[in-house]
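*Asks:* Sequence and computational prediction follow.
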Amino acid sequence: MPHFTEATTHYWQQLLSPEAAPKAGPDSQAGPWRLGYPASLPDGRILMLPIRPLAAEPRHAVASLLVNQASMEVVRVLSRMLGEALAPLAPDLVVALPTLGLSLAPGVAERLGHSRYVPLGYSRKFWYEEPLSTAVHSITSPTPGKRVYLDPHLLPLLHGKRVALVDDTLSTGTTMAATWDLMEGLGVQVVGCGVAMLQGERWREKLGLQRSQMAVGVLRSPLLQAVPEGWTLRD
């Protein structure tokens, strides 16, 4: 059995009070955590995230958030909080990154008072154009060859607009940076990006100082490493 991991069927289904969340080791701020990591939301509630070892290095792990497997209540709360975090940027339009950003974008756009959002996609329809795409990869999908596409029929919606990019997680920053470049290459003004989870700090180097200062998130999760008692903060 992998080092302290389990099925995710009961994760992401409810928000817990701090008192109801499972406790970690002697120092709850540094672990060790056994199976789940207690991520704090802005209102003090806790969302338990399953810990997942990395395929390339099983002694390292991350706390995972798959919003398309979350309860509708959890998605609503995360979307509302993300919309509130993005509101000071006053975007005219939300652009959603696939795949999991599409679960959050409707609620975020609604919270911002928008009637629609612009979805990007990984599946290329026959009328899509290569210049309206960019190559991406992520910590969970490291295989090269994946591209994110903008439907050319939606391009007129972006002209002259101030947009916010929305995704589920900001981890390495690679996908967000590539999409940001794509938008700016099309003449779109990106005022910032928002995610449900900021994972570690590696994304700051990829985005750069200016863009990193324009990134907001609902919750944070650390990078983890294996210890005999479970998982603790990675050095």
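*Replies:* Yep, that arrived. Residues are numbered from 1 along each chain as shown.
*Asks:* ranges for the helices of the chain?
*Replies:* Along the chain, the stretches classed as helices by DSSP state H are 72-86, 101-111, 155-158, 174-185, 202-212.
*Asks:* how about those helices, which one is nearest A196?
*Replies:* helix 72-86 (4.7 Å; C-beta to C-beta). C-beta: built from backbone N, CA, C; applies to glycine.
*Asks:* Please work out which of the helices of the chain is packed deepest.
*Replies:* Compared across the helices of the chain, helix 101-111 shows the largest average neighbour count, a mean of 23 (mean count of other C-beta atoms under 10 Å).
*Asks:* contact partners of it?
*Replies:* 67-68, 70, 75-76, 78-80, 82-84, 86-87, 94, 96, 115-117, 119, 166-168, 194-196 (C-beta atoms under 8 Å, 6 or more residues apart in numbering).
*Asks:* make it 6 Å
*Replies:* Residues outside helix 101-111 that contact it (C-beta atoms under 6 Å, 6 or more residues apart in numbering) are 67-68, 75, 79-80, 82-83, 94, 96, 117, 119, 166-168.
*Asks:* Extract the C-alpha trace of that helix and format it as PDB.
*Replies:* The C-alpha coordinates for helix 101-111 follow below in PDB (Å, rounded to 0.1, in the frame of the first residue of the first chain):
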ATOM      1  CA  GLY A 101     -11.600  25.700 -13.900                       C
ATOM      2  CA  LEU A 102     -14.900  25.100 -15.800                       C
ATOM      3  CA  SER A 103     -16.500  23.900 -12.600                       C
ATOM      4  CA  LEU A 104     -15.800  27.100 -10.800                       C
ATOM      5  CA  ALA A 105     -16.200  29.700 -13.500                       C
ATOM      6  CA  PRO A 106     -20.000  29.900 -13.700                       C
ATOM      7  CA  GLY A 107     -20.300  30.700  -9.900                       C
ATOM      8  CA  VAL A 108     -17.400  33.100 -10.100                       C
ATOM      9  CA  ALA A 109     -18.900  35.000 -13.000                       C
ATOM     10  CA  GLU A 110     -22.300  35.100 -11.400                       C
ATOM     11  CA  ARG A 111     -20.700  36.500  -8.200                       C
END
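*Asks:* Stretch 35-53 - what's its average pLDDT?
*Replies:* Taken as a whole, stretch 35-53 has a mean pLDDT of 94.
*Asks:* Just checking the distance from it to the centre of its chain.
*Replies:* 14 Å (C-alpha atoms, centre = their mean, to the nearest Å).
*Asks:* before we move on, what about stretch 70-83?
*Replies:* What separates the centre of stretch 70-83 from the centre of its chain is 13 Å, taken as C-alpha atoms, centre = their mean.
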